[in-house]
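Visitor: Output the structure for:
(3 chains)
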Amino acid sequence: MEESFFDRVYEVVKLIPQGRVTSYGAIAVYLGATRSARMVGWAMNNASKMEDIPAHRVVNRNGLLTGKHHFPGTYVMQQLLEEEGIVVKEDRIVDFKRHFWDPSIEL
DNA sequence: GGCATGACTCGAC
DNA sequence: TGTCGAGCCATGC
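Guide: Numbering: from 1, shown residues only, chains lettered A, B, ... in the order given. Purely as a prediction, here's the structure:
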């Protein structure tokens, strides 16, 4: 059973603690491919249909909810984050650095 | 089997 | 300081 990049992304995303967020790049770095952040986003696209994977906790490097358009509702992603205590304003996470969770550091 | 694309990021000019 | 191009892996046609 060889785990692909895809599967590893799922593993990491599932490990994100509630109330924390991370970036595509951070996951890519943890997987050893900084430039593969785009693929992480692709994984999220596939992961969004899996309930076990909190894709809403993954945003871009600026804390911007770039992937919110891929959720069923326009503000679903923002609402999910706010339910976990994360403040979102204008599609951006407030105090992103404070909520930021880096797998390469935490793991 | 090959080309194009995608929820990103970084470095160079 | 702002804009542009290259890189990465997997999926779809």
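
Visitor: What are the boundaries of the strands in chain A?
Guide: Counting by DSSP state E, chain A has strands at residues A:22-23, A:58-59, A:88-89, A:92-93.

Visitor: Name the spans of chain A whose pLDDT lies under the cut-off.
Guide: In the predicted model, chain A carries pLDDT under 70 at residues A:1-2.

Visitor: so which of the strands of chain A comes closest to A:Leu81?
Guide: strand A:88-89 (5.3 Å; CB to CB). Glycine gets a C-beta too; all of them are placed from N, C-alpha and C.

Visitor: which neighbours does the closest one have in its sheet, and in what orientation?
Guide: Paired neighbours of strand A:88-89 in the sheet (DSSP bridges): strand A:92-93 (antiparallel).

Visitor: The strand it pairs with near DNA strand B at all?
Guide: No - in terms of CB under 7 Å from any atom of the strand, no part of strand A:92-93 sits within range of DNA strand B; the closest distance is 12.2 Å.

Visitor: out of the strands of chain A, deepest packed?
Guide: strand A:58-59 (a mean of 26; mean count of other CB atoms under 10 Å).

Visitor: what packs against that strand?
Guide: Secondary structure elements in contact with strand A:58-59, counted by 3 or more CB pairs under 8 Å, 6 or more residues apart in numbering; DSSP states H and E, are strand A:22-23, helix A:24-31.

Visitor: So for DNA strand B, which of those sits nearest?
Guide: helix A:24-31 (2.9 Å; CB to the nearest atom of the strand).

Visitor: Return the set of buried residues in that closest one.
Guide: A:24-31 (16 or more other CB atoms under 10 Å).
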